[in-house]
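*Asks:* predicted model and sequence follow; I will ask about them next.
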Amino acid sequence: MSAHFSFKASLAGFLLVLQCLLVPVCAADIVSLRFQVPSFIQLESESSSLTLLFSDFSPGAESEPARMEYMIMANNVTRQRGVLMAQIDSKDPDLDLQAQFDGFNNLGGNAFLVQTPKEFVTLTDRDVLLADKTPVSGSGKTVRGTFGILYKARAIKELTAGTRIKTIKLTFTDV
Amino acid sequence: MKKKTAAFLAFGLLAQIAAGSLWAEVDTKSVRVSFEVRPVFMVKTVSNSSGVPDVDFGWVLPAGDPSQGEILDVTVATNTVKPYKIYQMATAIRSDEGAAPPESTMKFRVTPGRAGGETEASGYEELKPGKRLIFSSRSGGGADQFQIHYQLGESEVLDAGNYYGSVTINGELS
């Protein structure tokens, strides 16, 4: 019995050695893949200026509205409320400048911008809220698309003929 | 008994003296040596830019940039004459927050072998998790070299973060 077992063990050992000698060794290489994506915001406007035309100069008169198209791309938008805000450099004593968010066209992000106040809001020299963010899928932190802002002015006093210039600052915040 | 042993030693000594070997200054022994060369089949990979088995794109633009590519040099060393196939086993890419980028984020293609092996992925295609045949040797097998070109896809905006994945390059004899 012992001799039989010994023979089997020897045979197994011999076959193992033979296998090691005859079977090719293939060492597989594991390669790591890595990349880093920084936090990023890009806000662009289609134009650097717009004109609001008044056809009446009396108090309460409104200008024709003008629409400005913007492009936004951001990839780490954790903020929900008030991601888009606007202000003017200084208030005009004779008229109010008003703005309203006018639709978001998604171009591949997983969150949308949505209009917050449903009507025109008067801009001041402090930030006024125009739009919030709504996640729609995945992380809900990437916003990529175009949107419009409607601007109009409203006379507070009688307006003298001429040109007035103001600067509107639109701000997108992700945190 | 002791006398017998002493006599035996003395006889042996005399025999060596007679043969002349006891006083010789050179003695030689011959040993037969046999060599066993194991059949070897090895796949080695290194980054074309860094020289280590690591594909690191570094910082990338969030919206993708097709110019952002990395090349992996693959060398097959073998002394067998059998044909073989090379496979790529990919794991899913994840950010350190567990976010999965779109599948189209990373693409790859494989060049033909310098020694005549054939690519099985000549055009860019998505890097999907799982096993994929990427290269076949010429009919007689043999050593060869080829490259895998990795490229980040375009059009999608990626979440900010650090992204990791891996590929295993493995070969099988046919």
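*Replies:* Cool, the structure landed. This one's a predicted model, so the numbers in the text were calculated from it and none came from an experiment.
*Asks:* rest of the way, CA atoms for contacts and neighbours
*Replies:* OK.
*Asks:* show me where the chain has helices.
*Replies:* In the absence of a named chain, this looks at chain A. A:2-22 (DSSP state H).
*Asks:* my question was about chain B, not that one.
*Replies:* For chain B, applying DSSP H gives helices covering B:2-19.
*Asks:* quick check: longest strand of it.
*Replies:* Determined from DSSP state E, the single longest strand within chain B is strand B:161-173.
*Asks:* partners of B:M42 in the sheet?
*Replies:* Residues in a beta bridge with B:M42, per DSSP bridges, are B:A77.
*Asks:* strands of the chain, start to end?
*Replies:* Reading this off chain A. For chain A, the strands defined by DSSP E occupy A:29-37, A:41-45, A:66-74, A:84-88, A:95-106, A:111-115, A:121-122, A:128-135, A:143-155, A:168-172.
*Asks:* please refer instead to chain B.
*Replies:* For chain B, applying DSSP E gives strands covering B:41-47, B:54-59, B:69-78, B:84-90, B:94-95, B:106-110, B:118-119, B:125-126, B:130-136, B:144-152, B:161-173.
*Asks:* buried set for the last one?
*Replies:* Which is strand B:161-173. By neighbour count with 16 or more other C-alpha atoms under 10 Å in any protein chain shown, strand B:161-173 contains the buried residues B:161-171, B:173.
*Asks:* check the residues you listed against chain A, which are close?
*Replies:* By C-alpha under 8 Å from any C-alpha of the partner chain, the members of those lying near chain A are B:161-171.
*Asks:* quick one: name the residues of chain B near chain A.
*Replies:* Residues of chain B found near chain A (C-alpha under 8 Å from any C-alpha) are B:36, B:38-45, B:53-62, B:99, B:155-172.
*Asks:* related to what we said a few turns ago, could you dump the strands of chain B to JSON lines with mean pLDDT?
*Replies:* Converted to JSON lines, those look like this (pLDDT from 0 to 100):
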{"stretch": "strand B:41-47", "mean pLDDT": "91"}
{"stretch": "strand B:54-59", "mean pLDDT": "88"}
{"stretch": "strand B:69-78", "mean pLDDT": "93"}
{"stretch": "strand B:84-90", "mean pLDDT": "96"}
{"stretch": "strand B:94-95", "mean pLDDT": "91"}
{"stretch": "strand B:106-110", "mean pLDDT": "94"}
{"stretch": "strand B:118-119", "mean pLDDT": "97"}
{"stretch": "strand B:125-126", "mean pLDDT": "92"}
{"stretch": "strand B:130-136", "mean pLDDT": "96"}
{"stretch": "strand B:144-152", "mean pLDDT": "94"}
{"stretch": "strand B:161-173", "mean pLDDT": "93"}
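*Asks:* mind checking which of those is nearest A:L84?
*Replies:* A:L84 lies closest to strand B:161-173 among these, at 23.3 Å (C-alpha to C-alpha).
*Asks:* partners of that closest one in the sheet?
*Replies:* strand A:29-37 (antiparallel), strand B:84-90 (antiparallel), strand B:94-95 (antiparallel).
*Asks:* those strands: which one's closest to A:F172?
*Replies:* In terms of C-alpha to C-alpha, the element of these nearest to A:F172 is strand A:29-37, at 19.5 Å.
*Asks:* check contacts around B:P53.
*Replies:* By C-alpha atoms under 8 Å, 6 or more residues apart in numbering or on different chains, B:P53 lies in contact with A:29-32, B:45-47, B:72.
*Asks:* if we can go back for a sec, just name the closest of the buried residues of strand B:161-173 to A:N75, please.
*Replies:* Looking across the buried residues of strand B:161-173 and measuring by C-alpha to C-alpha, the closest to A:N75 is B:G161, at 9.5 Å.
*Asks:* which non-adjacent residue is nearest that closest one?
*Replies:* What sits nearest to B:G161 in space, not counting adjacent residues and going by C-alpha to C-alpha, 6 or more residues apart in numbering or on different chains, is A:V37, at 5.2 Å.
*Asks:* burial check on that neighbour, number of neighbours?
*Replies:* Applying other C-alpha atoms under 10 Å in any protein chain shown, we find 22 residues neighbouring A:V37.
*Asks:* quick one: contacts for the spatially most central residue of chain B?
*Replies:* For chain B, B:V43 is the residue whose C-alpha lies nearest the centre (C-alpha atoms, centre = their mean; 2.3 Å). By C-alpha under 8 Å, 6+ apart, the contact set of B:V43 is A:26-29, B:74-77, B:169-171.
*Asks:* okay, these in CSV with distance to A:V121 next?
*Replies:* Output for these, formatted as CSV (distance: C-alpha to C-alpha, whole Å):
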residue, distance to A:V121
A:C26, 70
A:A27, 68
A:A28, 64
A:D29, 62
B:V74, 62
B:T75, 66
B:V76, 68
B:A77, 72
B:I169, 60
B:N170, 63
B:G171, 66
